[in-house]
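Asks: here is a sequence with its predicted model. Questions after.
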Amino acid sequence: NRTVLVLGAGTGLEAQAAAMLGAGRVYATDINSLSLRLLDYGVKEAGLDSVVESGVFDLCGTDPLPRADVVLAADILYNQELGTQVGKRLMEILNMPQEQRPGVIITDSQRFYGTDFAPLLNEELERVGRLTIEWEERDLKVTTSGILVDEDQTYDVTARIISV
């Protein structure tokens, strides 16, 4: 009966997956209201609207992260500013008391220049005598379908993942 917070939820793929995998509540956030409307439509069509709730949350803002048992940020590192903000939000989580700290999963399959926040975050963690974080690389096979293709297409993707 865990609560999952999805940052940068977009149209809701991760939110729907979390709900289908048994999350008791999923709070899917994004700054883009059109994305959230599309997310709400998809959630309703999938019959998951009793589990998934959407809302505007500005990752770059000053509001604290909403409470959750698990925080998920999947493929939202599009530029250096977002990379920096995700690093700051991870530090926010790591500074929480252990008993209040959610699990965290951050993935990045795109590796845009300037989005690796780990070195700066690790400097701060080392400065205060804490364990550092590392990206783990995972090779994945991803199968997708599309409107303009006749059959499924499978891609090999190497994603980097931080799990705390």
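Replies: Great, that's in hand.
Asks: where in the protein is pLDDT low?
Replies: Within the chain, the stretches with pLDDT under 70 are 143-149.
Asks: could you report the distance from the nearest residue to Gly8 once chain neighbours are set aside to Lys141?
Replies: On the basis of C-beta to C-beta, 6 or more residues apart in numbering, the spatially nearest residue to Gly8 that is not a chain neighbour turns out to be Ile76, at 3.4 Å. The C-beta positions use only the backbone N, C-alpha and C, and glycine is treated the same way. Here Ile76 is placed at a distance of 22 Å from Lys141 (C-beta to C-beta, to the nearest Å).
Asks: before we move on, back to that, pretty sure the residue nearest to Gly8 belongs to a strand, no?
Replies: No - using DSSP: H, G, I helix; E, B strand; the rest coil, the assignment for Ile76 is coil, not a strand.
Asks: going forward, count from 62.
Replies: Happy to do that; since the first residue is 62 now, the last one works out to Ile137.
Asks: count of neighbours near it?
Replies: Residues contacting Ile137 under the criterion other C-beta atoms under 10 Å number 22.
Asks: Val67 is in contact with that one, correct?
Replies: No - contact between Ile137 and Val67 fails when scored by C-beta atoms under 8 Å: they sit 9.7 Å apart.
Asks: and the helices in the protein?
Replies: With DSSP state H applied, the chain shows helices at 74-81, 94-106, 141-155, 179-188, listed in chain order.
Asks: for Gly164, find the nearest of those.
Replies: Closest approach to Gly164 among these (C-beta to C-beta): helix 141-155, 9.2 Å.
Asks: pretty sure Asp124 contacts Val117?
Replies: No - with contact taken as C-beta under 8 Å, Asp124 and Val117 are classed as non-touching, separated by 10.2 Å.
Asks: ok, these two, which is more surrounded?
Replies: Between Asp124 and Val117, counted using other C-beta under 10 Å, the more crowded position is Val117 (12 against 8).
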